[in-house]
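[1] The sequence and its predicted three-dimensional model are supplied below.
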Amino acid sequence: MARFEGKVAVVTGGSRGIGAAVARRLAAEGAAVTIGYRGNKTAADALLADLTADGSRAVAVQADAADPDQTWALIERAVAEFGRLDVLASCAGIEHFDALENITPADFDRVFAVNTRGQLFAAQHAAARMREGGRIVLTSSVSASMAVFGHTLYAASKAAVESMVLNLSAELGQKGITINAIAPGGTATDMAAEHAASYLHPELSGKMSLPEWLNVQVALKRLAEPSEVAAGYAFLASDDAAYMTGRTLQLDGGMF
Ligand SMILES: NC(=O)c1ccc[n+]([C@@H]2O[C@H](COP(=O)([O-])OP(=O)(O)OC[C@H]3O[C@@H](n4cnc5c(N)ncnc54)[C@H](OP(=O)(O)O)[C@@H]3O)[C@@H](O)[C@H]2O)c1
């Protein structure tokens, strides 16, 4: 079933991980996709080659999500290339772990610039180009509602996103546009490979491996595959979610 036939999507953070899986899923269901990425042109070009080889219409555009002007240019490129905008999947994000005493104002600004401010302006620019039926899906994290050592900046940057979608739903509802967020749990991407072990309480460090921790902490006892998380974005971007807005979908395999 081609739920996105004739639809045009922008996916930020689309070169790798969850965003790349979202781009694949939306393209596989018929969307023309514009992939935004920060600097990994090799990964973006490889994904683009896959999508176009499968007959999808797609372009990749370097655009720093921390810079609203570049996000604006990304969205304008999608409209110029494909004539309209129906879906924004905002997946670009960066991790941060450090103890309170080490956090600097520069760390705060860097993390919030991408994870929070970047997503607000992506939503603003996308909404300006969408008509009735537009779908905006931002990215939170299971971290927004968990207490984890050293994770304050990242978790707070994502908790703000959940409040943003709740409040923006009122305004965007006036235009017939929905806005929701996905809160993924641990998902097997480069980000998780680098940081997932930091979720363990310091007293468990060296005593428990990540798989052992997942075994007790997650009902389904494993990380998600990016394609499993992408299914949630596709749902929220589709007509199946026409009556859902302002909410955050927890997609975490059952995390305690
Ligand atoms: N993986 C998890 O366990 C997990 C759990 C909960 C939430 N999340 C969230 O899900 C989203 C995707 O995470 P992931 O695991 O797929 O991350 P990832 O593997 O690190 O990939 C990050 C993607 O975001 C792009 N990106 C990063 N900073 C950017 C910037 N300033 N401007 C534009 N693009 C930027 C990267 O582009 P380049 O390739 O060019 O670097 C890449 O495409 C993030 O918002 C993350 O916070 C992830």
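    Arrived safely.

[2] Check which residues of whatever helix or strand Asp69 lives in are buried.
    In this structure, Asp69 is located in helix 68-82 according to DSSP states H and E. Neighbour-count burial for helix 68-82, with 16 or more other Cβ atoms under 10 Å as criterion, is recorded at 68, 70-75, 77-78, 82. Glycine gets a C-beta too; all of them are placed from N, C-alpha and C.

[3] Same check on stretch 119-132?
    Buried positions in stretch 119-132, judged by neighbour count with 16+ other Cβ under 10 Å: 119-123, 125-127, 129-130.

[4] again, but for stretch 100-120
    Result for stretch 100-120 [16+ other Cβ under 10 Å]: buried residues 111-120.

[5] do stretch 26-35 as well
    Taking 16+ other Cβ under 10 Å as the neighbour-count basis, stretch 26-35 is seen to contain the buried residues 26-29, 31-35.

[6] Helix, strand, or coil at the residue located most distally from the centre of the chain?
    For the chain, the C-alpha farthest from the mean C-alpha position belongs to Lys207; by Cα atoms, centre = their mean, that distance is 32.2 Å. Per DSSP: H, G, I helix; E, B strand; the rest coil, the local secondary structure of Lys207 is coil.

[7] Now do the same contact list for it.
    With contact set as Cβ atoms under 8 Å, 6 or more residues apart in numbering, Lys207 has no partners.

[8] all strands for the stretch 101-250 of the chain, in order.
    Secondary structure of the stretch 101-250 of the chain (DSSP state E, counting those that start in this stretch): strands located at 135-139, 178-184, 248-251.

[9] contacts for the shortest one?
    Contacts of strand 248-251 with the rest of the structure, by Cβ under 8 Å, 6+ apart, involve 140, 142, 144, 161-162, 165, 180-185, 224, 228-229, 232, 235-236.

[10] that older thread, restrict the buried residues of stretch 100-120 to contacts with the ligand.
    Filtering the buried residues of stretch 100-120 for neighbours of the ligand using Cβ under 6 Å from any ligand atom leaves Val114.

[11] and the buried residues of stretch 100-120, which of them are in helices?
    Counting by DSSP state H, the part of the buried residues of stretch 100-120 found in helices is 111-112, 118-120.

[12] Go back to the contacts of strand 248-251 and keep what's next to the ligand.
    Checking those against the ligand (Cβ under 6 Å from any ligand atom), the matches are 142, 184.
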